[in-house]
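Q: Could you look at this predicted model? Sequence included:
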There are 2 protein chains.
Amino acid sequence: MPTLQNDTFLRALLRKPTDRTPVWMMRQAGRYLPEYNETRKRAGDFLSLCKNPDLATEVTLQPLTRFRLDAAILFSDILTIPDAMGLGLTFVAGEGPKFERPLRQEWEIRNLFVPDPAEHLRYVMDAVGQIRRALDNSVPLIGFSGSPFTLACYMIEGEGGTDFAHTKKMLYQRPDLLHHILDINAQAVTAYLNAQIESGAQAIMIFDTWGGALAHDAYLEFSLAYLQRIVNQLSRERDGNTIPVILFTKGGGQWLELIAATGCDAIGLDWTTDLAAARQQVGQRVALQGNLDPAVLLTDPDTITTQVSNTLASFGHGHGHIFNLGHGISQFTPPENAAAFVEAVHRLSPAYHTEKNG
Amino acid sequence: MPTLQNDTFLRALLRKPTDRTPVWMMRQAGRYLPEYNETRKRAGDFLSLCKNPDLATEVTLQPLTRFRLDAAILFSDILTIPDAMGLGLTFVAGEGPKFERPLRQEWEIRNLFVPDPAEHLRYVMDAVGQIRRALDNSVPLIGFSGSPFTLACYMIEGEGGTDFAHTKKMLYQRPDLLHHILDINAQAVTAYLNAQIESGAQAIMIFDTWGGALAHDAYLEFSLAYLQRIVNQLSRERDGNTIPVILFTKGGGQWLELIAATGCDAIGLDWTTDLAAARQQVGQRVALQGNLDPAVLLTDPDTITTQVSNTLASFGHGHGHIFNLGHGISQFTPPENAAAFVEAVHRLSPAYHTEKNG
């Protein structure tokens, strides 16, 4: 195995010493980049872009050409799994994802199956392999999936939303049915992520986008328990390298100790959480990834630099911090502001990794 | 002063012993009630309903006729203050509130003024007086306002939203301008709430609906600091009675100790917060109000009873809990489910107030 030219990201995830704080951006391959919009136009629509390994590779690499990022992330969508389950995923322009056949009837739920990644999600594995070859060991590639609960929300509602009325009615009235969906989803996510690792993904991130909409006890029972199961069943070593796992529950700032206790390697934090307090809570158990308010990138380079500086100071001296936004980059971000963000982390973070204070 | 027939709510807010846990519902006068929809139709539109003291009194009392609630809350809207500032509030059916003249230019911001409650918001004070007379000392009346930051979000964006791009750009790039708006808003809210108290409001609640969208440091500087100022300047005693103050930051579960430190009497909790953990954090400093997931009221009486029971057990034995939902009641709630909710609190809560365990 040839070694990575830049393993700062992987080292930080494992809380090993680094010279500076690694940085990447959630949704870094996306609509704020004119070259992405060009490629997407060529693909026809978003889903065709996801399903074309050549074009998925192209857009995955676009932000790395522009910015000194320490990781690439597979270009894909969290809804590939329910799409492979046959729910009929479509993206209506300006409206977000929709499923033609959302889960409403018990028989539909009982008929759910775990898709075989090598068959139904082959295009994702092809993209992972192709991106790894294109990266040529420059920086590591992150594979990802939505969490079982987040996938279930989309599968039951049929679209994104803010109140999740159907999902929550099922949760409170027919918890057995929701548990059945989550059980299938957890098996599907585990198989999907292990296949990504097998295909070359060097770190894994699980996006629990909607877990934060749950009441405390419901979060434990219907989201965290399934994250735990996946963490336990992932192939976390390959060719002698550890494959670190990052869990990100948006709106999960009240549950950090519980998330850390799953045995994941790192926790993604949204921008509402105080990094200093989070570090104190989780101690040496996990690395922390985050958490600049993505709205900061709508401002100007000086303001961005000030806010990056504040975030670095909040985590403080030492290792185990991966710089990122607290949520996906906004489509309205000027690319030069994203550049200023990445450069500020490169310029200001080495001071927090000096040996004396490390 | 004649005494209240039912002062359970006020006693609980001050952490005094009660025989059971008092209960009310955020947005209890609202669209889930057919009689509300009738009155609203008569008024013409939502804003006309707010501005007509007779009709506002009528809808305030409607849920009290149906359910054994321990408090009434003034029927009004949090946007009455920016409306009185001349921003041109309208409610487009199905789209929520909009301002004709959102704050975008510096001169517009510099021209903002503190509305005189006795003049520009006279209709609210008239409603408060009229509701008090109609209640005839049966249960206490809650007055309320939006928080300075939440009002600023609407004033700057011109409507509700989820990313608050204009507000956050101002926050990061021109904090002086946002502070100017917040300063005017804090003065306006203080004058407005003191006028409500003067007119007969017996408890005060401040809704910080959007504070939870802020980064940790920004929450302290741009929301909590102004809540603190209002808490300090409210007339918290009238005719020998304490007027308790409840602060509710939706999504504020990470900041409970900071909110408690303002010196408020109670904290409103959304449904994501674990009541037991919250009680442990804030100790004897404040009462806690909340926090059933409003989605539970979409289910059925048995499920509702189980969840009420769990919430009561989570707070545990003793005083200082006001039962409520973790957010406003959904318009899709069957009224008989709201009835089951209130009755479950009445039936199950006395066991948590026995002397032995009190």
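A: Received the coordinates, thanks.
Q: When you work out contacts or count neighbours from here on, use the C-alpha atoms and nothing else.
A: OK.
Q: Would you mind listing what in chain A touches chain B?
A: By C-alpha under 8 Å from any C-alpha of the partner chain, the residues of chain A that approach chain B are A:163, A:165, A:168-169, A:172-173, A:212-217, A:251, A:253-254, A:271-274, A:293, A:295-296, A:298-300, A:303.
Q: So which of those residues belong to helices?
A: A:165, A:168, A:169, A:172, A:173, A:216, A:217, A:303 (DSSP state H).
Q: Looking at those, state which has the most neighbours.
A: If you count neighbours using other C-alpha atoms under 10 Å in any protein chain shown, the busiest of these is residue A:168, which has 25 neighbours.
Q: any idea how far residue A:213 is from it?
A: As defined by C-alpha to C-alpha, to the nearest Å, residue A:168 lies at a distance of 10 Å from residue A:213.
Q: now do residue A:180
A: For residue A:180, the distance to residue A:213 (C-alpha to C-alpha) stands at 20 Å.
Q: Compare these two (neighbour count), which wins?
A: residue A:213 (21 against 14).
Q: and the nearest residue to the more buried one once chain neighbours are set aside, what does it touch?
A: Nearest residue to residue A:213, sequence neighbours excluded (C-alpha to C-alpha, 6 or more residues apart in numbering or on different chains): residue B:272, at 7.0 Å. Applying C-alpha atoms under 8 Å, 6 or more residues apart in numbering or on different chains to residue B:272 gives the contacts A:212, A:213, A:214, A:215, A:216, B:251, B:253, B:293, B:326.
Q: And for residue A:61?
A: By C-alpha under 8 Å, 6+ apart, the neighbours of residue A:61 are A:29, A:72, A:131, A:135.
Q: Kindly recompute the last result at 10 Å.
A: Neighbour list for residue A:61: A:28, A:29, A:55, A:72, A:73, A:74, A:75, A:131, A:134, A:135 [criterion: C-alpha atoms under 10 Å, 6 or more residues apart in numbering or on different chains].
Q: Show the model's pLDDT score for the first one.
A: What it means is residue A:28. Residue A:28 is assigned 98 on the pLDDT scale.
Q: burial count for it?
A: So residue A:28, with other C-alpha under 10 Å, has 25 neighbours.
Q: Check whether it really touches residue A:64, as I assumed.
A: Yes - Residue A:28 lies in contact with residue A:64 (C-alpha atoms under 10 Å); the separation is 8.9 Å.
Q: Give me the common contacts of the two.
A: In contact with both residue A:28 and residue A:64: residue A:72, using C-alpha under 10 Å, 6+ apart.
Q: And the helices in the stretch 201-350 of chain A?
A: A:216-219, A:225-233, A:256-260, A:275-282, A:301-315, A:335-348 (DSSP state H, counting those that start in this stretch).
Q: Those helices into TSV, with extra columns for mean pLDDT?
A: Converted to TSV, the helices of the stretch 201-350 of chain A look like this (pLDDT from 0 to 100):
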stretch	mean pLDDT
helix A:216-219	98
helix A:225-233	98
helix A:256-260	98
helix A:275-282	96
helix A:301-315	98
helix A:335-348	98
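Q: For these, give me JSON lines that also has distance to residue B:50.
A: Below are the helices of the stretch 201-350 of chain A laid out as JSON lines (distance: least, C-alpha to C-alpha, whole Å):
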{"stretch": "helix A:216-219", "distance to residue B:50": "35"}
{"stretch": "helix A:225-233", "distance to residue B:50": "46"}
{"stretch": "helix A:256-260", "distance to residue B:50": "42"}
{"stretch": "helix A:275-282", "distance to residue B:50": "43"}
{"stretch": "helix A:301-315", "distance to residue B:50": "41"}
{"stretch": "helix A:335-348", "distance to residue B:50": "44"}
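Q: What segments of chain A are strands?
A: Ranges of strands within chain A are A:72-73, A:89-92, A:96-99, A:141-146, A:203-208, A:237-238, A:241-242, A:245-249, A:266-268, A:287-292, A:321-325, based on DSSP state E.
Q: Nearest to residue A:195, out of those strands?
A: Among the strands of chain A, strand A:141-146 comes nearest to residue A:195, with 9.8 Å by C-alpha to C-alpha.
Q: Tell me which strands that closest one pairs with, and in which orientation.
A: With DSSP bridges as the test, strand A:141-146 is paired with strand A:72-73 (parallel), strand A:203-208 (parallel).
Q: Could you single out the most deeply buried of those strands?
A: strand A:72-73 (a mean of 26; mean count of other C-alpha atoms under 10 Å in any protein chain shown).
Q: Nothing else from me, thank you.
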